[in-house]
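A.B. asks: Sequence first, then the predicted structure:
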Amino acid sequence: MGVFVSIRGWLECDEQQLAAARQVIADHSDGHYSGGWGFPDHHFNWTYYVFYGGDVRESAVN
């Protein structure tokens, strides 16, 4: 079974940084753990938030 750790957090960014974050995440997709990223459906107020949450095998956390 193995040991898993819960990882969760967020990035705060502006519109340009959001586009860059999307690109970096897409470029480094692993087809598994990268599925934990969540992006806003639409923008409101002035800050964009990108969230990550997932249970990750301890051996995959570096």
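C.D. replies: Looks like it came in fine.

A.B. asks: can you count the residues close to the residue lying closest to W10 once chain neighbours are set aside?
C.D. replies: Once flanking residues are discounted, W10 sits nearest to F51: 4.7 Å by Cβ to Cβ, 6 or more residues apart in numbering. For every residue, glycine as well, the C-beta is placed using N, CA and C. When neighbours are defined as other Cβ atoms under 10 Å, F51 has 13 of them.

A.B. asks: Same check on L18?
C.D. replies: Other residues within reach of L18, judged by other Cβ under 10 Å, total 19.

A.B. asks: Next, the contact list for it, please.
C.D. replies: L18 makes contact with 39, 48, 50 under the criterion Cβ atoms under 8 Å, 6 or more residues apart in numbering.

A.B. asks: what's downstream of the host helix or strand of it, the next helix or strand?
C.D. replies: For L18, the enclosing helix or strand under DSSP states H and E is helix 15-27. Per DSSP H and E, helix 15-27 leads on to strand 37-38 as the next helix or strand towards the C-terminus.

A.B. asks: and the angle for the following helix or strand past that following strand with helix 15-27?
C.D. replies: Using DSSP H and E, the helix or strand that directly follows strand 37-38 along the chain is strand 48-57. Relative orientation of strand 48-57 with respect to helix 15-27: 30 degrees, computed using axes from the mean of the first three to the mean of the last three Cα atoms, to 10 degrees.

A.B. asks: What strands line up against strand 48-57, and which way round?
C.D. replies: Taking DSSP bridges as the criterion, strand 48-57 pairs within the sheet with strand 4-13 (antiparallel), strand 37-38 (antiparallel).

A.B. asks: Pull out the buried positions in that strand.
C.D. replies: Neighbour-count burial for strand 48-57, with 16 or more other Cβ atoms under 10 Å as criterion, is recorded at 48, 50, 52.
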